[in-house]
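*Asks:* 3D model of this:
(2 chains)
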Amino acid sequence: MIPLKARLLVLIPVGIVLGFLITNQYSSAKQVLALRTSEDNALYALEVESLIGRTQKLRAEVTTLREKKTDLNATKNDRALSQVELEKEGAALTVIDASTRVKGQGVRIVIAQKLEREQIVDLFNALKNMGVEAFAINANRIALTTGIRPLKLNVPYTIEVIGDPDILTNGLTRPGGILSQIRFEAEITRAGLSLGAVLR
Amino acid sequence: MSWPGENSLYTKISLLVIGIAAGLFVAAQAKTAPTRVTNPVSPFIALREARKELLNQEDALNKESTALSEEIRQLQNAITRNLSLSQDAVAFVKELRRRTGLNQLESDGIEITLSDSPSRIATPNSIAHASDIRDIAELAWSTGATAIAVNGERIVFTSSIDSVINTVMINNVKTVPPFTLTILGPTKPLFEAFNNATFLPNLFQRARDENLVFQVAVKRHLSAPAYTGSFTVRFAAVEL
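*Replies:* I've put the predicted structure just below:
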């Protein structure tokens, strides 16, 4: 006959183990239920993919901004360096403003099929998302305030884009990228480009 | 109750060996990293954790980027206050800052409210999309707009307007409906353009059939806030 004290000593660890298992099962069941009931679960993978791209872009941007801040700090109390920084800012802003002729590395995109206006809007938007610095379509330089409607655009479209050639090429050609979304085939070549100023 | 041989040395040694073997087995199981993902819930939990971590990183990077942009703007403003510099160059840069969206602008214009249908179950036609905002911006620029802001976020040359799941991302800032588009520029042409169904047929059809909210109003003394980011030019150079 096993004494009562010994039986109790056995029951305590058995109870602890059972309690642990029940708690664990409850918690797992809750997790499974949450996954089954949430409408967002199927979108997590997409969101994570988008977040990875965005954080990479932000990291690069922050690094550039830190360098810019260091350069600007060095100009304090130095007239010559201040003048250089002012000219650098002016040059960068004339590029962004599209008010001057620019040159640089990038890609040339040739699309031989007719595009709807909305498709051109989406393509331009995607180019901006890829960090484009200057671009033109059929030799019309595009500025912030350029609308597509007033442009007289004929097929084939030649879109010349100055920006990081790697990012542009990958962004344009990847599966699910803008060209596959607007369902058009394009000829993309890396090129040294020269773009005229916007006509105002 | 007891069983025969309960207290024999053989029984005790056998139980001890079984106990040690069980202990070793349990410990080995606990210590061994699984080589395959067998729990169907694990990848989802990992994904959710990754999303949370990335959102935190994005938030921190956005804050750092905004703070750095502000510091850079102050340093650049300090340079343009330097009276010993060429005042022509200073005036030129100030004008460029205004034209590229780095200053707040005020003028008359129109205000557009765009939002999901309040009375319909969400369908692709009853909700407001990033592409709707892009189309509105394109029509506004084509009609002579001088500045556009969406929910307080200024549209600049580098701004892309993207759909990210159920939000819209502009200048790395997430925003959700209702969208208020502040459009500065000539009020009459802008108001007429946005009341002409032939210019935005899809939007007008969804507003009529699906109750998508699309309202246009002329407003006096509108304000388009300054862009809080900064421009980085690495590949393009002015061609002399």
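
*Asks:* which stretches of the chain aren't confidently modelled?
*Replies:* In the absence of a named chain, this looks at chain A. For chain A, the stretches flagged by pLDDT under 70 are A:1-2, A:4, A:7-8, A:28-43.

*Asks:* Correction: the question concerned chain B.
*Replies:* For chain B, the stretches with pLDDT under 70 are B:1-7, B:31-42.

*Asks:* Residue of it nearest chain A, please.
*Replies:* residue B:142 (2.6 Å; CB to the nearest CB). C-beta: built from backbone N, CA, C; applies to glycine.

*Asks:* Identify the residue nearest that residue in space, chain neighbours excluded?
*Replies:* Nearest residue to residue B:142, sequence neighbours excluded (CB to CB, 6 or more residues apart in numbering or on different chains): residue A:147, at 2.6 Å.

*Asks:* can you give me the helices in chain A?
*Replies:* Counting by DSSP state H, chain A has helices at residues A:4-37, A:41-74, A:79-97, A:117-129, A:165-173, A:178-181.

*Asks:* quick one: buried residues of the third one?
*Replies:* Neighbour-count burial for helix A:79-97, counted by 16 or more other CB atoms under 10 Å in any protein chain shown, picks out A:82-83, A:85-86, A:88-97.

*Asks:* swap in stretch A:67-80?
*Replies:* Quick answer for stretch A:67-80 (16+ other CB under 10 Å): A:68, A:69, A:72, A:75.

*Asks:* my guess is the residue of chain B closest to chain A contacts residue A:149, does it?
*Replies:* Yes: taking CB atoms under 8 Å as the definition, residue B:142 is a contact partner of residue A:149 at 3.9 Å.

*Asks:* how about the CA coordinates for stretch B:109-129, as CSV?
*Replies:* The C-alpha trace of stretch B:109-129 is given here as CSV (Å, rounded to 0.1, in the frame of the first residue of the first chain):
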residue,chain,number,x,y,z
GLY,B,109,-8.3,77.2,-54.7
ILE,B,110,-10.5,74.2,-54.3
GLU,B,111,-10.9,71.5,-51.7
ILE,B,112,-11.8,68.0,-52.7
THR,B,113,-13.2,65.4,-50.2
LEU,B,114,-12.7,61.8,-51.3
SER,B,115,-13.8,58.9,-49.2
ASP,B,116,-15.1,55.4,-49.1
SER,B,117,-18.9,55.0,-49.5
PRO,B,118,-20.5,55.2,-46.1
SER,B,119,-23.5,53.2,-47.2
ARG,B,120,-22.0,50.3,-49.2
ILE,B,121,-20.1,47.2,-48.2
ALA,B,122,-16.5,47.7,-49.2
THR,B,123,-15.9,46.7,-52.8
PRO,B,124,-13.2,47.9,-55.2
ASN,B,125,-15.7,50.4,-56.6
SER,B,126,-17.0,51.8,-53.3
ILE,B,127,-13.6,52.7,-51.7
ALA,B,128,-11.2,55.5,-52.4
HIS,B,129,-7.9,54.4,-53.9
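
*Asks:* is the longest helix along chain B anywhere near chain A?
*Replies:* Counting residues, the longest helix in chain B under DSSP H turns out to be helix B:42-80. Yes: using CB under 8 Å from any CB of the partner chain, helix B:42-80 comes into contact with chain A via B:44-45, B:47-48, B:50-51, B:54-55, B:57-58, B:61-62, B:64-65, B:68-69, B:71-72, B:75-76, B:78-80.

*Asks:* Please spell out which residues along that helix are buried.
*Replies:* B:44, B:48, B:50-51, B:54, B:57-58, B:61-62, B:64-66, B:68-69, B:71-73, B:75-76, B:79-80.

*Asks:* angle of it against helix A:41-74?
*Replies:* 30 degrees (axes from the mean of the first three to the mean of the last three CA atoms, to 10 degrees).

*Asks:* on contacts alone, who are the packing partners of the next helix or strand after helix B:42-80?
*Replies:* Scanning forward in sequence from helix B:42-80 by DSSP states H and E, the next helix or strand is helix B:87-100. Here helix B:87-100 touches helix A:79-97, helix B:42-80, going by 3 or more CB pairs under 8 Å, 6 or more residues apart in numbering or on different chains; DSSP states H and E.

*Asks:* can you list those helices in a markdown table and add distance to residue A:17?
*Replies:* Putting these into a markdown table (distance: least, CB to CB, whole Å) gives the following:
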| stretch | distance to residue A:17 |
| --- | --- |
| helix A:79-97 | 67 |
| helix B:42-80 | 23 |
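
*Asks:* picking up where we left off before, list the contacts of the residue of chain B closest to chain A.
*Replies:* A:147, A:148, A:149, A:150, B:193 (CB atoms under 8 Å, 6 or more residues apart in numbering or on different chains).

*Asks:* Between those, which sits nearest residue A:57?
*Replies:* residue A:148 (25.7 Å; CB to CB).

*Asks:* Cool, thanks, talk later.
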